[in-house]
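Chemist: missing the sequence, but the structure's below:
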């Protein structure tokens, strides 16, 4: 599965479009990380626990999106976009979407 | 006892101010080092690569960072917010975080053997507070992503 956020896959041509594919995860931070981040919040700077959590969650969203594209018979996803929204208390939704295509 | 609780806020403010500025200086030094290390990777925001580039391989790369402002600066910003205008204390942190996210994205591309990233986008989103009253930890996430490409002949 080739994933790209450009209009086309560089160096390849699109031969078929399959439509929109998407994947999302909703993650909440667990309590231990929250306490550590709360302390870090006083001095400022990076909240490393959250950085890790969000990149893991985004990876999961991308994985789900590629499963969907694979089941359609696509071998690439173009024009991938991300959206993050805070849906509930201490939880964030990570959403990835793009267009499933076949390239050669 | 009452005297103690009066003392806590100024002590926290002072502590946050000192440690915040120490961390900031350390981070800037660190960034300078990392940025000189990833100078070989070209990141551009144009959507498509020039047509004369012979692209061999491509992959989506990302770099993210979650940051929060220190207590002193949050208080300073809320005071400044009364008068409006440029909230200068917030700017350095966001600038630093964007640089950090870009450096991480370039690092990922470099580690996987790519030398160019096209269609780079930078997104900023606010994370939810962990407590219902709007206090508690809240952070801002900066995400940088783009398509890393490698060229067939490295003469370009």
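Modeler: Structure received. Note that the structure is a prediction, hence the values are computed from the model and not measured.
Chemist: next, the contact list for residue A:51, please.
Modeler: For residue A:51, the contacting residues are B:64-66, B:141, by Cβ atoms under 8 Å, 6 or more residues apart in numbering or on different chains. C-beta coordinates here come from the backbone N, C-alpha and C atoms, glycine included.
Chemist: so can I have TSV of those showing secondary structure, pLDDT and distance to residue A:23?
Modeler: As requested, the contacts of residue A:51 are arranged in TSV below (DSSP: H, G, I helix; E, B strand; the rest coil; pLDDT from 0 to 100; distance: Cβ to Cβ, whole Å):
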residue	secondary structure	pLDDT	distance to residue A:23
B:64	strand	92	17
B:65	strand	92	22
B:66	strand	88	21
B:141	strand	88	18
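Chemist: tell me which residue in chain B sits closest to chain A.
Modeler: residue B:70 (2.9 Å; Cβ to the nearest Cβ).
Chemist: in JSON lines: the contacts of residue A:51, plus neighbour count.
Modeler: Below are the contacts of residue A:51 laid out as JSON lines (neighbours: other Cβ atoms under 10 Å in any protein chain shown):
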{"residue": "B:64", "neighbour count": "23"}
{"residue": "B:65", "neighbour count": "27"}
{"residue": "B:66", "neighbour count": "26"}
{"residue": "B:141", "neighbour count": "24"}
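Chemist: can I take it that residue B:49 is in a helix?
Modeler: No - assigned with DSSP: H, G, I helix; E, B strand; the rest coil, residue B:49 falls outside any helix and is coil.
Chemist: contacting residues around residue 75?
Modeler: Chain wasn't specified; assuming chain A. The contact partners of residue A:75, by Cβ under 8 Å, 6+ apart, come to A:1-2, A:101-103.
Chemist: should've been chain B
Modeler: Contacts here follow Cβ under 8 Å, 6+ apart; on that basis residue B:75 touches residue B:13.
Chemist: what confidence value was assigned to the residue in chain A positioned nearest to chain B?
Modeler: Closest approach between chain A and chain B, counting by Cβ to the nearest Cβ: residue A:44, at 2.9 Å. We note a pLDDT of 73 for residue A:44 in this prediction.
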